[in-house]
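1. Fold the following for me, if possible:
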Amino acid sequence: MAQHRATPVISAVNRYRSEHGHYPTNLNELVPAYLPSIPHAGFTRMSRDFRYYNERPQLYFAGMFHGVFAYDFPTESWRTNE
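-> As a prediction, this is how the structure comes out:
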């Protein structure tokens, strides 16, 4: 469910990068030009919110029973710490 909810966020980050030549510093830079608001990941173990790490860059969330799931923008793939 959270991976599905991440789709518009991933698209917005990619559009931002395409237009600005770099990834956003944080997800708030996407609102309102790229997203009306940042959606919630859903009911996960640690938080309902997506987190973003711009050093790598990755979008991630804590899974209910399966560790942390992260979308890696450079490789365009999902990873988990399990």
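
2. what pLDDT does Arg8 get?
-> Just so we're on the same page, residue 8 is Pro rather than Arg. We have a pLDDT of 97 for Pro8.

3. Excluding sequence neighbours, find me the nearest residue to Met1.
-> The shortest distance from Met1 to any non-neighbouring residue, by C-beta to C-beta, 6 or more residues apart in numbering, is to Gly42 (5.0 Å). C-beta coordinates here come from the backbone N, C-alpha and C atoms, glycine included.

4. Who are the contact partners of that neighbour?
-> Gly42 is in contact with 1-2, 5, 48, counting by C-beta atoms under 8 Å, 6 or more residues apart in numbering.

5. Those residues, buried ones only, as a PyMOL selection?
-> Applying 16 or more other C-beta atoms under 10 Å to the contacts of Gly42 leaves a buried subset, and the PyMOL line that selects it is:
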select buried, resi 2
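
6. sorry, back to before: for the residue nearest to Met1, give its distance to Pro8.
-> Plainly put, Gly42 is 14 Å away from Pro8 if you go by C-beta to C-beta, to the nearest Å.

7. again, but for Gly67
-> 24 Å.

8. all helices of this structure, in order?
-> Along the chain, counting by DSSP state H, helices occupy 2-20.
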